[in-house]
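Engineer: My questions are about this predicted structure, shown below with the sequence.
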Amino acid sequence: MTAWLGWIPALPLFSSLVLLLVGGRLGQRLVTLLGVGSVLGSALLSGLLIADFLAEGAAVTTRQLPWLSSMGLEVAFGLYFDGLSAVMLGVITGVGLLIHLYSAAYMAGDEGYARFFGYLNLFVGAMLLLVLADDFLLLYLGWEGVGLCSFLLIGFWYREPANGYAARKAFVVTRVGDIALAVALLIMIQQFGTLHIQTVIERAQLQWLGSDWSFWVALLLLGGAVGKSAQLPLQTWLPDAMAGPTPVSALIHAATMVTAGVYLIARTQGIFLLAPRIMELVALVGALTLFLAACSALVQHDLKRVLAYSTISQIGYMFFALGAGAFSAAIFHLMTHAFFKALLFLAAGQVILSLHHEQDLRRMGGLLRRLPFSALCFAIGCAALAALPLTSGFYSKDAILLQAYGLHGGSLAWWLALAGAAVTALYSLRLFLKLFFGEAVTEPSPDMRPTLVVPLALLCLLALFGALIPQPLGAVFAPLAATEVPAAVHGAILIMPWLGLVTGVLLWRYGRGFRQRWSDSALARSWRAGWGFDALYDGLLVQPLLLLARLNRKDLADRPVQFVAWLSARGHAWLSVTQNGRLRRYAAGIALGAVLVLTVVTL
Amino acid sequence: MESQGLLIPIEHGLLFAAALFCIGLAGVLTRRNLLFMLMSLELMLNAAAFVFVLAGAVHGNADGQVMFILILTLAAAEVALALALVVQLYRRRRSLDIDSLDGMRG
Amino acid sequence: MPFLFYLCALIALLAAWQVIRGVNAMHALLYLIVVLLAIALMFFMLGAPFAAALEVIIYAGAIMVLMVFVIMMLNQGDSAVGQERAWRAGRIWRGPALLCAVLLAQLGYLLLPAVVSADAAAVDAVAVGRALYGPYLLLVELASMLLLAALVGAWHLTRVLKHRPGEEV
Amino acid sequence: MADVGVIVARVLSLLGLLIVSAALLTWLERRLLGLWQDRYGPNRVGPFGILQVVADMLKLLGKHEFVPHFADRPVFVLAPAIVLVTVLLTFVIIPFTPAFPLVDMNIGLLFFLAMTSLAVYGILLGGYASNNKYALLGALRSAAQTLSYEVFMGLSLLGVVLQAGSFSLGRIVEAQQGLWFCVPQFLGMLLFLFAGIAQSHRLPFDLPEAEHELTAGFHTEYSGMKFGMFFLAEYLGVILVSSLMTALFFGGWLGPVLPGWLWFVLKTGVFVVLFVLMRAALPRPRYDQLMRFGWKCLLPLALLNLIVTGWVLL
């Protein structure tokens, strides 16, 4: 069975190759068949492999194909498959498949249909490579591939300059994290002479015990993860990434890209555990991010930006769990989040499509009767997001908060996470109410194609019952010591979402004036702008850089180059006089040249 | 033919070719009509071909005639294309004036 | 025989002169054919009968027929002759004539002292064929590619275009 | 220099023979057409009407030599001469007997092809110089037709050349000592027959002068002896193609008992009669059909013939 492992990333990669090379000439039906079919194949293979793995339970490594060999560094193409990979595989191919199915209907008729599926397949393929990689360099390949695809897909509708800007922003910001990761890899090469993940972790545990290296490497790895997963301080690209088509947002937020950072930390936990201070930092970063992003989500006007900030916030939970040492809870939340966030995005896409590409929440409302199915999807998705009991989100978030408390007790990060739960519930409710209650502003056109309904219905089921899916993580993470959690803490965890909900209902019912004033307040405006991080970075980094560039424009070093350009332009102008289109002049020129040459010969 | 030597001194043949070539060149340079330019070109081609055949005859081998065949092919291709252009030119401009074609675009 | 050769050369040069200063395209073309026939005869006398035959069959018999064909098809009439006469009248020919005269003088100066030991012998069609399909096989292929290119090009150039705005059709 | 007298004598005798036979052919054709079309044909002047030829000739000579004022005079005069001269010149290579081709050139067949390709000019120029749209159309058709059929005329002959190993007609005839080439080169013979008919503008391929469409084609404006030259050239062409058929495919002078020249004349006569029969029997195709037939059917066949011959020989 493991012989088939290589096919899982190969299928989408191959399909994307075909689609990007000749896709424009294939019919839409063939493109769909290829694009969705390849992911379906990967999903089926993954299913078989995971079933196999659940029965046998041993991590496997495929044959290593030599890739590059230089100055003692041997890198090979090899895939590694264990419990963590299995969970990621399931999420990526399963949710990815549903998103592909949905896209087939959502993007039908777009002129870049084949290109879209080519990018989408490349995205899934790169992500699969990332989670299956046996080697840090291969992982880095997938890592960069994911970054490239996010750039391509966010800027998919490239005729709009704003989309191109958003794509560039996503690319540049994540690049900052990527450089940190690259530095970490270089340190590994320098220290161990290999990039094989398992070997590196084993040796690190032997050699780095008590040394500073683990601190720095873990910090750099965290830098990479923060960039990819849009955590503080590199979270600013994700809200802008909403410029891409909605299925792309779903893919980025649920199945691929942003979960890469969580995966990276989970995969290299061996190194992180050597650096307790970094673990605390991870938890703090996660907690801060989750709270700040939740606050931002509370005041957004754009439907997709609400979801974007909620993603940042939920990833923050995962980081918090990772930092607290509750790795399996983090991965558990990663999975459930993938389900309900994909559901929310696809349902949002459905609403946006029905409202003729309207994304502003202020121009929505009263859609409960008109779009009942979307309302149902949103209800389930929001409930899971708010972690109401019996939904999948409830179990995972519960697990995070409980285990984190058990490991660390009530630190600042934990209290922030707890408060975040209430805010999460509040903004989920706000989103739902704004969409489906109140006065109708825009008249939707009901459009429920079966290809749109089926993925949504499946995701509804997953968002509700996804927590029941077993996670074979026992062999990957050390089991947690069972600790006693005070009943009051447990109660608080259970109460928090309801607190948020009740507040929300009260505000909706009686606080109209307050909401109005609050919406215009300076604090809300700053929250809406993502706590001013964009402005900060703009003032701190972008403007000085632009200033430098402007100062350098008339550089002395450029002068020789410009002189060459000037010279060739003049020369061109001078020579183009001879290109006057008079055929006989040309012939005369040739004859004159012959005469001159002969003169030279004669004399 | 006489196997002991060439019919005429080789310089005379070369001179003839040079003269033919120059006449053709003069035609190309002076005529404005595309058809006449073509004919002058044919003269020049023939002068070149003559030199080849003459050289082949001087050395008594077939290479000269082989090159002549290549020139023949070249002339055929050239005339086919040029005549196609002539027809197009006449269709569009109602004239074969080559100087009316000095406008360039792109 | 040498006399015949020089006669042919003279005829060829005179006819060529008529070609480049003619005003009637058809007459000029007939002079051109005379040039070709004279050259064919000269080939024959130089011991290249195959080349002579090809010169007549293909050059005079096919390529020139094509030109006659096009001239007849365009059927420009007398106005073209008048135009040619008008174009020929100007001072336009002085520069080119000078240029060509210089070129000719140089060529003559360079060519006249040429001394090559001649061991001439008639080269028949068999020898040409052997050369063509022996050492020059690649050349045959090149020639065929050239002809193919000309075929495609001619087809492309003469196809009837749809009317495009801004163009006289 | 003693040979000069002999050569002149031979040339003159051949010329006379050809003119007479061509003239007789006009009579023969009309008689045969009459026979097949169940009517008399010329039968008044002389025995069997044979002196009708003389009468026609006198009539032509007596006519006013008219050159239309709109014609391109020098070209107009030149055209019929070109046609007649090229046809007559071709006869120098025909080997009537081993001793009597005027010139046994080693590029004999190429010479024939060269002359046929030059013969086109006569028609083209005649049509052009007449400055008449029917003549022009006829000439254009003729040029296209001749150009097309010339291509595979050459190709169809190459099979014979390959088998005989020479362009010389005498050698080709000698090479048929054992077996006439009409057997191994049957396809080539058929192709050459088609091409020969087209080249000599005989029915059914006489589209350049199709009377009911183009009045008289390229020689609409011609009269008197200039017309006579065209006319004569056409009949000489028939004889030429027939004698070439004989020499190339039917063993030329070879044959038992009878002297060689008689064999040659007899065989040639058969083909001449065949030509007349075709004129009597076959309808005329449309112009585009003719061209399509030539390029899409005959040309591939000629290539096929050439390839197969080459393959077998190698």
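Structural biologist: Cool, got the structure.

Engineer: helices or strands up against the host helix or strand of residue A:332?
Structural biologist: Residue A:332 is part of helix A:327-354 when elements are defined by DSSP states H and E. The contact analysis (3 or more C-beta pairs under 8 Å, 6 or more residues apart in numbering or on different chains; DSSP states H and E) places helix A:327-354 against helix A:83-106, helix A:246-250, helix A:258-267, helix A:303-324, helix A:372-385, helix A:392-408, helix A:450-465. From N, CA and C alone the C-beta is placed, and that goes for glycine too.

Engineer: Nearest to residue C:39, out of the ones you listed?
Structural biologist: Each of the helices and strands packed on helix A:327-354 was checked against residue C:39 via C-beta to C-beta, and the shortest separation belongs to helix A:83-106, namely 72.1 Å.

Engineer: any idea of the mean pLDDT for that closest one?
Structural biologist: Helix A:83-106 comes out with an average pLDDT of 86.

Engineer: same question, stretch D:188-205
Structural biologist: Computed over stretch D:188-205, the mean pLDDT rounds to 79.

Engineer: touching chain B at all, stretch C:11-28?
Structural biologist: Yes: against chain B, stretch C:11-28 shows contacts by C-beta under 8 Å from any C-beta of the partner chain at C:12, C:13, C:16, C:17, C:19, C:20, C:22, C:25, C:28.

Engineer: Make CSV out of those and add neighbour count, pLDDT and distance to chain D.
Structural biologist: CSV is the format used below for the residues of stretch C:11-28 next to chain B (neighbours: other C-beta atoms under 10 Å in any protein chain shown; pLDDT from 0 to 100; distance: C-beta to the nearest C-beta, whole Å):
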residue, neighbour count, pLDDT, distance to chain D
C:12, 27, 92, 17
C:13, 16, 92, 21
C:16, 31, 91, 19
C:17, 17, 89, 17
C:19, 26, 88, 15
C:20, 26, 86, 19
C:22, 22, 82, 12
C:25, 24, 84, 11
C:28, 25, 88, 12
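
Engineer: Quick check: next helix or strand after the strand or helix carrying residue B:35?
Structural biologist: Taking DSSP H and E as the definition, residue B:35 sits inside helix B:34-59. Next in sequence after helix B:34-59, counting helices and strands by DSSP H and E, comes helix B:63-93.

Engineer: of all of the stretch 1-150 of chain D, which residue lies closest to chain B?
Structural biologist: Proximity to chain B, evaluated over the stretch 1-150 of chain D using C-beta to the nearest C-beta, is greatest for residue D:106 at 11.5 Å.

Engineer: hang on, that residue packs against residue D:167?
Structural biologist: Yes: between residue D:106 and residue D:167 there is a contact under C-beta atoms under 8 Å: 6.2 Å.

Engineer: Now do the shared contacts for the two.
Structural biologist: Any residue near both residue D:106 and residue D:167 by C-beta atoms under 8 Å, 6 or more residues apart in numbering or on different chains counts here, and that gives residue C:125.

Engineer: neighbour-wise, which of those two wins?
Structural biologist: Here residue D:106 and residue D:167 are set side by side on neighbour count (other C-beta atoms under 10 Å in any protein chain shown), and the busier one is residue D:167, at 27 against 20.

Engineer: give me phi/psi at the more buried one?
Structural biologist: Reported as degrees, to the nearest 10, the phi and psi values for residue D:167 are phi -90, psi -10.

Engineer: now it: how far from residue D:157?
Structural biologist: Remark: distance between residue D:167 and residue D:157 (C-beta to C-beta, to the nearest Å) = 9 Å.

Engineer: Spit out the residues that contact those two alike.
Structural biologist: Contacts common to residue D:167 and residue D:157, judged by C-beta under 8 Å, 6+ apart, are residue D:109.

Engineer: re the thing from before, and residue B:56, which of the helices and strands packed on helix A:327-354 is closest to it?
Structural biologist: Distance to residue B:56, taken as C-beta to C-beta, is lowest for helix A:83-106 among the helices and strands packed on helix A:327-354, at 70.7 Å.

Engineer: And the very next helix or strand once past that closest one, what does it pack against?
Structural biologist: The first helix or strand that comes after helix A:83-106 along the chain, using DSSP H and E, is helix A:113-132. On a contact count with 3+ C-beta pairs under 8 Å, 6+ apart, helix A:113-132 meets helix A:7-22, helix A:28-56, helix A:83-106, helix A:136-154, helix A:258-267.

Engineer: first to last residue in stretch A:101-121, what's the distance?
Structural biologist: In stretch A:101-121, first residue to last residue: 12 Å (C-alpha to C-alpha, to the nearest Å).

Engineer: now what about that stretch, what contacts it?
Structural biologist: By C-beta under 8 Å, 6+ apart, the list of residues contacting stretch A:101-121 from outside reads A:12-13, A:15-16, A:19-20, A:23-24, A:26, A:28, A:31-32, A:34-36, A:38-39, A:99-100, A:149, A:152-153, A:156, A:245-248, A:250-251, A:346, A:349, A:353, A:449, A:451-452, A:454-456.

Engineer: Get me the contact residues on chain A for chain C.
Structural biologist: Taking C-beta under 8 Å from any C-beta, the part of chain A that reaches chain C is made up of A:588, A:591, A:592, A:594, A:595, A:598, A:599, A:601, A:602.

Engineer: Looking at the residues you listed, which is nearest residue A:8?
Structural biologist: residue A:594 (68.6 Å).

Engineer: Distance-wise, check the closest one relative to residue C:98.
Structural biologist: Plainly put, residue A:594 is 14 Å away from residue C:98 if you go by C-beta to C-beta.

Engineer: what do you get for residue A:354?
Structural biologist: Counting by C-beta to C-beta, the gap from residue A:354 to residue C:98 is 83 Å.

Engineer: of the two, who's got more company?
Structural biologist: A side-by-side neighbour count of residue A:354 and residue C:98, using other C-beta under 10 Å, places residue A:354 first with 20 against 11.

Engineer: that older thread, could you point out which of the helices and strands packed on helix A:113-132 sits nearest residue D:223?
Structural biologist: The closest approach between residue D:223 and any of those, judged by C-beta to C-beta, belongs to helix A:7-22 at 69.3 Å.

Engineer: Just the buried positions in the closest one, please.
Structural biologist: Under the neighbour-count criterion of 16 or more other C-beta atoms under 10 Å in any protein chain shown, helix A:7-22 has A:8, A:9, A:10, A:11, A:12, A:13, A:15, A:16, A:18, A:19, A:20 buried.

Engineer: name the element the residue nearest to residue B:43 when sequence neighbours are not counted belongs to?
Structural biologist: If the residues on either side of it in the chain are set aside, residue B:43 comes closest to residue B:24, at 3.2 Å by C-beta to C-beta, 6 or more residues apart in numbering or on different chains. Mapping residue B:24 onto the secondary structure by DSSP H and E places it in helix B:10-30.
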